[in-house]
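Colleague: Sharing a model that was predicted from the sequence below.
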Amino acid sequence: MKLILRPLFEASLTPDFIDVIKAKLKGKEAREGDILEIDLLGKPLKFKVTYAEPKVVRITDLTVIELSEKEIFSISLEFEKDIKDVITGEDIIVVVFEDEVLILNHKGHKIFNQKFEKLKEVRLTKDIVLVVHDENKLTIIQP
């Protein structure tokens, strides 16, 4: 679970301030676009949620929170398997593993994933994913 928050106020925040934010928001739900408010010394501090994974996050001690000064979007995704290929479409990103195809939106949210026996080739035309597998099978995925 991960949130990227952009402060809606002018102030320089230290990295340990994330622990204060997490403690104040613990138990609350957040989704992209939400404005979250915490009270600090009687003053409300507002943050905009610029990224949430999953799409709705209930904030706990395990939630990773990052701060971003601008509305620029950048995210690093880490997978348990080695990436064999990445194919970009107009509205999707296709990540190909040895035996699996994962389709993400441009914010990194999972749209679809499926394992395939003997995965041979993955192609993309417009936003239609074509998967050749099992020697003689073609699977068409249209998210």
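Modeller: It's in.
Colleague: what residues are up against the residue nearest to the spatial centre of the chain?
Modeller: Centre of the chain computed as the mean C-alpha position; nearest residue by Cα atoms, centre = their mean is Gly108, 4.0 Å away. By Cβ atoms under 8 Å, 6 or more residues apart in numbering, the residues touching Gly108 are Tyr51, Glu53, Ile75, Leu77, Ile93. Just so you know, the C-beta spots here come from the backbone N, C-alpha and C atoms, and that holds for glycine as well.
Colleague: what's in contact with the helix or strand hosting the first one?
Modeller: In this case it means Tyr51. Using DSSP states H and E, the secondary-structure element containing Tyr51 is strand 43-53. The contact list for strand 43-53 (Cβ under 8 Å, 6+ apart) reads 1-9, 21, 30-39, 68, 71, 73, 75, 107-109.
Colleague: Pairing partners for that strand, with directions?
Modeller: strand 2-7 (antiparallel), strand 35-40 (antiparallel) (DSSP bridges).
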